[in-house]
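**Student:** Take this sequence and fold it.
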Amino acid sequence: MLKISVIGAGSWGSAFAYYLGKLGFPTKLWVREEEVYLGLLQTRINHLFLPGHVFPSTVSFYRNLAEALEKSDLVFVAVPSQFCRQMYTRMADYLEKGQVVVSLTKGLEQKTLKRMTEVMEEIFPSEKKVKIAVLSGPSFAREVAAGHPTALVLASRDQNVAREIQHTISSLQLRIYTSSDVVGVEICGAVKNVIAIASGISDGLGYGNNSRASLIARGLVEITRLGLALGAKKDTFSGLAGLGDLVLTCTSEMSRNYHVGIELTRGKSLKQILTEMKMVAEGVRNTLTVKKLASQKKIDMPICHEVYEVLYHGKPPHKALEDLMARDLKEEKIFD
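**Tutor:** The predicted structure is shown next:
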């Protein structure tokens, strides 16, 4: 049986390790926070990020990264994008030849605008021939841990690797589809978080289903345009990583990014909102990277632009939505 490591014990990393352990895989979970680690050793529960779930005996806990990675066939990395470069750099010394590393992160690197798999390719030693993939799609950690049926997409340039992972971790609970479109899957995962902030703002202002549906539909257009400009495949955006994850994160209070949008309409500052949250809302940083990418590629992304104005220039949320509605009237086009 394959040995698996999960790097990062936040809500998604913990839920994924819990799922793998329930399947019977010997799973190592690397934990950054000392208080979380000690709690897991004592109770086998991550009280901070995944309360109410007792990890099965197949899951073991580590703070030593070398030990967490040693002799693992498959490594999943669930770390916020702002910490990924540092984590990949630490991992590089301990990776073994031919290991498979899968990103679970939905974000872009702020300084370089690179996707997480691009950062991996830059950092991981070429002589170790590490195989790289990304797993994404509509997946609230709490529901995966609760055993709710979930479908995700696993993208890799090496389809043999994608199919191997697919057949390894799929179950009656978690159905994995494969894709070769690494670019599209990662762009979807990053930009949908920005649209989710807009959706939270709309709902927080008291607007209804019409408004939310419009934001989702036009938000998907923005994601698609940017993705295509970066070399993604059109089909990806109507799939699980695109439309599926966008609908999920734009319509549920469990979404961290949607929560940020809601709180902005209550008069709270961005700093106050983030201070009160125990988990990272990737959309806040993604808004900056998406703004820069859109400018580079000369892509019109009005929803993302208004979210940027609200987050970083203090624009009143109601004014941002008014300005979206007041834009020049035009023919509906999905692709420019």
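**Student:** and the next element down the chain from the strand or helix carrying residue 5?
**Tutor:** Using DSSP states H and E, residue 5 sits within strand 4-7. Downstream of strand 4-7, the first helix or strand assigned by DSSP H and E is helix 11-23.
**Student:** can you list contacts of that following helix?
**Tutor:** By Cβ atoms under 8 Å, 6 or more residues apart in numbering, the list of residues contacting helix 11-23 from outside reads 4, 6-7, 9, 27, 29, 46, 49-50, 53, 55-59, 76, 78-79, 104, 139, 141-142, 144-145, 169, 171, 173-174, 279. Using the backbone N, CA and C atoms, a C-beta is placed for each residue, glycine as well.
**Student:** taking these one by one, which sit in strands?
**Tutor:** Judged by DSSP state E, the subset of the contacts of helix 11-23 located in strands is 4, 6-7, 27, 29, 46, 50, 53, 59, 76, 174.
**Student:** If you count neighbours, what's buried in stretch 11-30?
**Tutor:** Within stretch 11-30, the residues scored as buried using 16 or more other Cβ atoms under 10 Å are 11-23, 25-30.
**Student:** And stretch 141-160, by the same measure?
**Tutor:** 141-145, 150, 152-156.
**Student:** so how far is that stretch off the chain centroid?
**Tutor:** Taking Cα atoms, centre = their mean, to the nearest Å, the mean C-alpha location of stretch 141-160 is offset from the chain mean by 12 Å.
**Student:** circling back to that earlier point, same list (the ones in strands among the contacts of helix 11-23) but as CSV, adding distance to residue 249 and pLDDT.
**Tutor:** Shown next, in CSV, are the ones in strands among the contacts of helix 11-23 (distance: Cβ to Cβ, whole Å; pLDDT from 0 to 100):
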residue, distance to residue 249, pLDDT
4, 26, 98
6, 22, 98
7, 23, 98
27, 26, 98
29, 25, 98
46, 22, 98
50, 19, 97
53, 22, 98
59, 27, 98
76, 20, 98
174, 18, 98
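**Student:** quick one, helices of the stretch 151-300 of the chain?
**Tutor:** For the stretch 151-300 of the chain, the helices defined by DSSP state H, counting those that start in this stretch occupy 159-169, 182-204, 209-229, 245-251, 256-264, 270-276, 282-297.
**Student:** Can you say which of these is nearest to residue 327?
**Tutor:** helix 209-229 (10.4 Å; Cβ to Cβ).
**Student:** who's in contact with the closest one?
**Tutor:** 183-184, 187-188, 191-192, 195, 198-199, 202-203, 234, 236-237, 242-243, 246-247, 250-251, 290, 293-294, 297, 299-304, 321, 334-336.
**Student:** which among those end up buried?
**Tutor:** Judged by 16+ other Cβ under 10 Å, buried ones among the contacts of helix 209-229: 183-184, 187-188, 191-192, 195, 198-199, 202-203, 236-237, 242-243, 246-247, 250-251, 290, 293-294, 299, 301-304, 321.
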